[in-house]
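>>> Turn this into a model:
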Amino acid sequence: MGNEHFFYVLECADGSYYAGYAVDVEKRVATHNAGKGAKYTRAKRPVVLLHQEAFGTKTEAMRAEYAFKQLTKAQKIQHISGKQEELG
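Numbers count the residues shown, from 1 in each chain. Below is the predicted model:
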């Protein structure tokens, strides 16, 4: 895997999305589902990984996360389904 940094999107039990940054996405999703992740996901478990993108630097991954958070729900759905350009 090397020095990859990931932007990821989770779908929460209530249908909302959570976007985040991680180096190890599988471990981070497990942390969210254990109730030890972000405050937002604690009450919205279980969460399911919908999408992830790899980047060479933490900065690039965090830019993609920020850009995703600025989208409308419809735009987020399009991005996750691959119908839009990559963020970042």
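
>>> so where does residue 9 fall, helix or strand?
Using DSSP states H and E, the element containing residue 9 is strand 5-11.

>>> How many residues are close by residue 13?
12 (other C-beta atoms under 10 Å). From N, CA and C alone the C-beta is placed, and that goes for glycine too.

>>> Please settle this for me: is it part of a helix?
No - looking at residue 13 with DSSP: H, G, I helix; E, B strand; the rest coil, it is coil, so not inside a helix.

>>> ok, it - contacts?
Residues near residue 13 by C-beta atoms under 8 Å, 6 or more residues apart in numbering: 44, 45, 46, 47.

>>> Quick one: buried ones out of these?
Neighbour counting with 16 or more other C-beta atoms under 10 Å marks 44, 47 as buried within the contacts of residue 13.

>>> and the longest helix for this structure?
When the chain is parsed with DSSP state H, its longest helix is helix 58-69.

>>> rewinding a little: restricting to C-alpha, output the strand holding residue 9 in CSV.
Provided in CSV are the C-alpha atoms of strand 5-11 (Å, rounded to 0.1, in the frame of the first residue of the first chain):
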residue,chain,number,x,y,z
HIS,A,5,-3.8,8.6,1.8
PHE,A,6,-7.5,8.1,1.4
PHE,A,7,-10.7,10.1,1.2
TYR,A,8,-13.6,7.9,2.1
VAL,A,9,-17.4,8.1,2.3
LEU,A,10,-19.6,6.1,4.6
GLU,A,11,-23.3,5.7,4.5
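
>>> rewinding a little: so what secondary structure elements neighbour the longest helix of the chain?
strand 5-11, strand 17-22, strand 48-55 (3 or more C-beta pairs under 8 Å, 6 or more residues apart in numbering; DSSP states H and E).
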